[in-house]
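K.L.:
One predicted model, sequence on top.
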Amino acid sequence: MVSVDQTARADSMGTSSKTTRILGGVLLAGIALWLFLAFVVTEPDIRIDGTSGQEIGQFDAFRLIYVHVPVVFVAYTAFVVTAIGSIMVLVKRSVWWDLVAGASAEIGALASALTLITGSIWGRPIWGTYWLWGDVRILTTLVLFMLSLGYLAVRRLEGTAEERARRSAIVGILLVVNILIVNRSVEWWASQTIHQDSTIAEAAIGGSKAFTLFYSIVLAMGLFTWMMIHRFRLAWLERQFDRFGLDDALTSRRAEAASVLEGEMS
Amino acid sequence: MSILSEVRLIMGKDLRIERRSKIALNQVAPFAILIVVLFGFALNADRAALTTFTPGLYWVTVLLASILAVHRSVAIEAGEGAREGLLLSGLRPASIFLGKATALISQIFLVSIVLLGAVVIFYDARVDDAVLLVTSLVSAVVGVGAAGTLYGALLGAQRARETVLPILLLPVLAPVLIAATRAFGDAMGTVATDGWAWTALLASFAAIYVAMGVVSHGVLMEEN
């Protein structure tokens, strides 16, 4: 009979702890400050054209930078963590790293999707189009997003935990190789087709704008950490359930059979 | 047994199965020709447009047909303990990878030659630089076959394979589509670009994926 420490498991039935609750509270306050900085403190991007004297710039669309750039940072950090986790799975054969890689990839997929969405919303008024073929970063991010969906699909395939971990680890490492090849080829392709010069207006970033941008990146990293901890703990609990859930079911079924047997005997 | 004869053994097995079942010839190749015809309908049979876009349409078709070929290559190991047989054979995982990849590459190559005839007939494609065309074709097909074998082995006998393989493989093959389309554009005289540079990219992709397959196949063989 497998003995399971009931009290230890009862303690781990949630994904929050005192530390994460404090971190969550700080981050909530941080989001409020971020909204205040992004919408009240900072000015819209309006400049005066030297020759015509007209107002130019990105106006309020500029504020999207406080979302767009932070999610880019989160996306790339998340995929780097996935790659490191994948390597560690193969080196150390550890479940811990597998769960880290998986949790990170989910956040990475979300962040790269947000990168594309916020970029498109910004591109509509500034570039006049949601989608710009020929921009390396847009295309690379899209392929990265697609690759991460493939990775997540592989994680959900059947098999034992160890099989799934190693299989996912190989796809996770290939993710990095692939994104390097994709980036190279798209860069080359774009430069040989339409060659889009960077149309990002030379918006003067300084003062409160620079601070808000920097602050939003720090905040996003904090949110990434918070989400990582919770997603990791959830994955850990799922794994515990897979491991002990069957044992528990067997134990209770055996107990039931034994009581029925006793009833017949008496 | 040397690696070379092991590779020949595995390749021979897969090609023998193909010769007897004729899946690539009787199902994958007609499917590919069908797509070429469908593109003709989709582009309203506009000859000029079809000729201009031949390289891109051709390579999209090759990639879609390759997905089917990869499924087939995995499927023949999926049933009747074939996988266990391979594991117990004592052959090196690297040879098994190279053997299966070579067989898959030969079949995709066969299909792409048939397709080449189809685009010449249906799209009025003309070949300006045959050497460039063949070199880029071979480089691209080797890349597709190596990546296909690697990801195919990864998914193995999984029931979800049919839906997971395309979403996994097509983004990976995006660089092949880009590079092969440009190289063909140069070889067919529809785009002014340096086709040989793109062929070099295709060859690098192929080399990377052959190397990755050789290195990782041992780990992949142990599971699924």
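P.N.:
That came in fine, so what should we check first?
K.L.:
from here on, contacts and neighbour counts on C-alpha atoms
P.N.:
Fine.
K.L.:
residues in chain A within reach of chain B, list them.
P.N.:
Residues of chain A lying near chain B by C-alpha under 8 Å from any C-alpha of the partner chain: A:143, A:146-147, A:149-151, A:153-154, A:157-159, A:163, A:166-167, A:170, A:178, A:181-182, A:185-186, A:189, A:192.
K.L.:
Of these, select the buried ones using a ChimeraX command.
P.N.:
Filtering the residues of chain A next to chain B down to the buried ones (16 or more other C-alpha atoms under 10 Å in any protein chain shown) takes a single ChimeraX command:
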select /A:143,146,147,149,150,151,153,154,157,163,166,167,170,178,181,182,185,186,189
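K.L.:
Tell me how many other residues crowd whichever residue of chain B sits closest to chain A.
P.N.:
Nearest to chain A in chain B, going by C-alpha to the nearest C-alpha, is residue B:168, at a distance of 4.5 Å. For residue B:168, the tally of surrounding residues (other C-alpha atoms under 10 Å in any protein chain shown) stands at 25.
K.L.:
Where does it sit, in terms of helix or strand?
P.N.:
Using DSSP states H and E, residue B:168 sits within helix B:161-172.
K.L.:
how near is the residue in the stretch 101-250 of chain A that chain B sits nearest to to residue A:97?
P.N.:
The nearest approach of the stretch 101-250 of chain A to chain B comes at residue A:150, 4.5 Å away (C-alpha to the nearest C-alpha). Here residue A:150 is placed at a distance of 19 Å from residue A:97 (C-alpha to C-alpha, to the nearest Å).
K.L.:
Over to residue B:21?
P.N.:
Using C-alpha to C-alpha, we find residue B:21 at a distance of 44 Å from residue A:97.
K.L.:
Between the two, which is the more surrounded one?
P.N.:
residue A:97 (23 against 11).
K.L.:
my guess is the more buried one meets residue A:81, correct?
P.N.:
No - contact criterion C-alpha atoms under 8 Å: residue A:97 and residue A:81 do not qualify, at 9.6 Å.
K.L.:
What helices and strands are in contact with the helix holding residue B:168?
P.N.:
The contact analysis (3 or more C-alpha pairs under 8 Å, 6 or more residues apart in numbering or on different chains; DSSP states H and E) places helix B:161-172 against helix A:136-155, helix B:47-78, helix B:130-155.
K.L.:
ok and it relative to helix A:136-155, angle-wise?
P.N.:
Put simply, helix B:161-172 runs at 160 degrees to helix A:136-155, going by axes from the mean of the first three to the mean of the last three C-alpha atoms, to 10 degrees.
K.L.:
Buried residues in helix B:161-172, which are they?
P.N.:
Buried, per 16+ other C-alpha under 10 Å, within helix B:161-172: B:161, B:164, B:165, B:166, B:167, B:168, B:169, B:170, B:171, B:172.
K.L.:
how about residue A:58, secondary structure?
P.N.:
Put simply, residue A:58 is strand when judged by DSSP: H, G, I helix; E, B strand; the rest coil.
K.L.:
Look at the nearest residue to it once chain neighbours are set aside and say how many residues are nearby.
P.N.:
Nearest non-adjacent residue to residue A:58, counting by C-alpha to C-alpha, 6 or more residues apart in numbering or on different chains: residue A:45, 5.3 Å away. Residue A:45: 19 surrounding residues under other C-alpha under 10 Å.
K.L.:
So residue A:45 is in contact with residue A:60, correct?
P.N.:
Yes - using C-alpha under 8 Å, residue A:45 is in contact with residue A:60, at 6.6 Å.
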